[in-house]
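Enquirer: Predicted model follows, preceded by the sequence.
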Amino acid sequence: MEDTVLSRNDNLKLGNLEFHVQTEYYRSSGDVVTLIFKRGEVIKRIEKKLSVGESPDDAVKRQHTEVIHKLISATSKKNTKASEVTIDELILSADVADFFQLLVSQIFGRKDFLFAKIIDVSGKPVLEITRKPEKIDKEIVDAFIDSFIVEEKRFYHMGEDGLYLYGFKLKDGTMVIVGFEKEDSKELLEKVLYRAEKDIKPKCNNKTLSILIVEDVLFTRLVIRESFKLISKELKDFCFEEIDEAESLRDALSILNEKHFDIVITDIHLGDGLGIEVASFVKKKFPDTKVIALTMYPENYKENREIFDGFIAKPVTPQELKEKLLKILS
């Protein structure tokens with residue numbers, strides 16, 4: 001429109017809902033107008049006069065960011081009125097919503113910002129904001145996410161001309177992926193991550209449990225670790241903040257000589273020994289520690305069931321892990 005001199009547009013995806021947020025300054029009226037679209041229709045119009053001493057550019061940026069923050073905040077509020085603009089299909093945790101607001105406040109004003117998305121531990125996107133979709137190569141982004149899921153690093157970076165991707169993980173395993181057109185963003189994002197680690201703590205209503213996973217196959221250890229992250233959102237009475245790993249009998253005994261664990265999950269057949277040796281050592285040194293056998297062959301567990309508190313069949317699933325934990329912890 002000829003009447004508009006400044007405009008900002010962003011696509012916001014919250015679970016299975018998508019919004020388009022458009023903010024413009026109209027010089028004829030001096031109004032800053034924000035429109036929120038859902039499925040192509042305007043569901044909210046916000047008009048405000050330019051504040052005294054504020055430039056049109058600053059006013060558009062401020063109002064646009066405030067509306068984005070309000071939409072994100074709505075996802076963590078369960079008790080909202082039907083007449084308000086709410087995200088009924090998805091309730092994000094307060095920690096995730098708070099973190100995304102922190103992230104947006106730090107990077108939203110950059111002209112080279114392309115997108116930011118939050119992905120849960122199963123790889124499903126739950127929140128996304130996109131500014132320049134035409135400059136985002138979906139195949140490259142998907143490959144980056146697939147690689148980051150199996151990485152044990154907290155911070156991950158990959159870049160090509162015009163598309164620089166940054167990924168980092170929060171304490172609950174949630175992944176945050178951000179894209180820029182320029183490369184000089186790593187230091188900024190590390191500062192955001194540091195602040196998030198400081199300010200956003202995982203909440204635990206009751207007991208923090210320490211876990212040791214004894215398994216010689218890396219992939220299985222990763223699956224168990226990720227399963228703990230998934231079920232931690234359902235088992236509100238427990239937190240699984242301390243998860244250590246051992247890839248052999250020797251490593252396990254070395255770790256157990258130095259540290260006590262609430263739960264030990266051990267494969268029955270290890271490369272240099274047997275899980276029953278781990279269980280025997282644990283029961284002598286820490287009688288209260290629960291030991292769970294991990295096996296593809298339940299009959300192996302039955303032969304030694306007197307020393308184990310339970311068993312989990314391979315391949316491990318979050319549902320079975322949750323059920324067995326509830327049983328032995330009850």
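Expert: Right, received. Where do you want to start? In this text, all values refer to a predicted model and were calculated from it rather than measured experimentally.
Enquirer: Show me what residue 117 is bridged to.
Expert: residue 128, residue 177 (DSSP bridges).
Enquirer: swap in residue 290?
Expert: On the basis of DSSP bridges, residue 290 is bridged to residue 263.
Enquirer: quick one: it and residue 327 touch, right?
Expert: No - between residue 290 and residue 327 there is no contact under C-beta atoms under 8 Å: 10.1 Å. All C-beta atoms are positioned from the backbone trio N, CA, C, and that covers glycine.
Enquirer: anything in contact with each of those two?
Expert: Taking C-beta atoms under 8 Å, 6 or more residues apart in numbering as the contact rule, residue 290 and residue 327 both touch residue 310.
Enquirer: Comparing the two, which residue is more hemmed in?
Expert: The neighbour comparison of residue 290 against residue 327 (other C-beta atoms under 10 Å) goes to residue 290, with 20 against 10.
Enquirer: what sits against that one?
Expert: Residue 290 neighbours (C-beta under 8 Å, 6+ apart): 262, 263, 264, 309, 310, 328, 329.
Enquirer: can you tell me how far residue 63 sits from residue 40?
Expert: Distance, residue 63 to residue 40, by C-beta to C-beta, to the nearest Å: 22 Å.
Enquirer: now residue 328
Expert: Applying C-beta to C-beta, the value for residue 328 to residue 40 is 52 Å.
Enquirer: of these two, who's got more company?
Expert: residue 328 (13 against 6).
Enquirer: Isn't the more buried one up against residue 292?
Expert: Yes - with contact defined as C-beta under 8 Å, residue 328 reaches residue 292; the gap is 7.1 Å.
Enquirer: Give me the common contacts of those two.
Expert: Counting by C-beta under 8 Å, 6+ apart, the residues touching both residue 328 and residue 292 are 263, 309, 310.
Enquirer: Among the residues you listed, which one lies nearest to residue 255?
Expert: residue 263 (13.6 Å; C-beta to C-beta).
Enquirer: Which positions in the lengthiest helix in the chain come out as buried?
Expert: Within the chain, and with DSSP state H defining each element, the longest helix by residue count is helix 56-74. Residues of helix 56-74 classed as buried by neighbour count (16 or more other C-beta atoms under 10 Å): 56, 59-65, 67-69, 71-74.
Enquirer: Check stretch 28-45 too.
Expert: Buried positions in stretch 28-45, judged by neighbour count with 16+ other C-beta under 10 Å: 32, 33, 34, 35, 36, 37, 44.
Enquirer: quick one: the third one from residue 119, how far?
Expert: Spelled out, that is residue 34. 27 Å.
Enquirer: residue boundaries of the helices in the stretch 101-250 of the chain?
Expert: For the stretch 101-250 of the chain, applying DSSP state H, counting those that start in this stretch gives helices covering 138-150, 186-199, 218-232, 249-258.
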